[in-house]
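Student: can't give you the sequence, but here's the structure:
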């Protein structure tokens, strides 16, 4: 019986390691997708066509006038959310580390007030997605539409792909909030928050990469 009990207990450390490995595998095709669009973006930007009237080659790329103030504001929101979700990860990791001590009879660590980092991150995530919708409306009102040209199409596609993947992260955050509200086992919540936080950091870095790409194309 003593040999059975340790083997029957869930190995959360191993589960966390496998979950992180799964995230790395899942992120690979996402990164490859954006790398492919980047290559197409850069090649298309330098594409030239023959102009018979001018008796020479002309560049057909039309730079998109981006609302950089709005984009930078959205970036600040996303960076802030990356900080808050890391705070949530640290908090649940600490809670998991103290859980064995709290389970000892007669030992109490007191009632600690926990800041709702997950809820704040979720709110910031929705704020970023709302800012993206506003960005697309500003772009459209400026005369740059999805089917309006190659350059504007790339802007819409890249930002939409990022927004779609970020929305997946928001869904994971909602699941983490529900798990916390239902007082699921702390190690289970730790795995969910840990994987979601690393995914969120990847989305933040990917967004900064897209802005750098847009800045290069505008030059």
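Tutor: Looks like it arrived, so ask away. Predicted model, so just to flag it, every value in this text is computed and none were measured.
Student: C-alpha from now on. contacts and neighbour counts both.
Tutor: Noted.
Student: assign a three-state SS to residue 65, would you?
Tutor: coil (DSSP: H, G, I helix; E, B strand; the rest coil).
Student: got the buried residues for the helix or strand where residue 18 lies?
Tutor: Using DSSP states H and E, residue 18 maps to helix 12-45. Within helix 12-45, the residues that count as buried by 16 or more other CA atoms under 10 Å are 16, 19, 20, 34, 38, 41, 44, 45.
Student: give me the distance from that helix to the chain's centre.
Tutor: 12 Å (CA atoms, centre = their mean, to the nearest Å).
Student: what is that helix packed up against?
Tutor: For helix 12-45, the packing partners by 3 or more CA pairs under 8 Å, 6 or more residues apart in numbering; DSSP states H and E come out as helix 150-181, helix 186-218.
Student: tabulate those (TSV), appending distance to residue 26, mean pLDDT and mean neighbour count.
Tutor: Output for those, formatted as TSV (distance: least, CA to CA, whole Å; pLDDT from 0 to 100; neighbours: other CA atoms under 10 Å):
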stretch	distance to residue 26	mean pLDDT	mean neighbour count
helix 150-181	12	90	18
helix 186-218	10	90	19
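Student: relative to residue 124, which of those helices is closest?
Tutor: helix 150-181 (9.5 Å; CA to CA).
Student: and that closest one, what does it pack onto?
Tutor: helix 12-45, helix 117-141, helix 186-218.
Student: for residue 89, find the nearest of those.
Tutor: Closest approach to residue 89 among the helices and strands packed on helix 150-181 (CA to CA): helix 186-218, 5.7 Å.
Student: between helix 12-45 and the closest one, find me the angle.
Tutor: 10 degrees (axes from the mean of the first three to the mean of the last three CA atoms, to 10 degrees).
Student: specify the angle between helix 186-218 and helix 150-181 in degrees.
Tutor: Here helix 186-218 runs at an angle of 170 degrees relative to helix 150-181 (the same axes, to 10 degrees).
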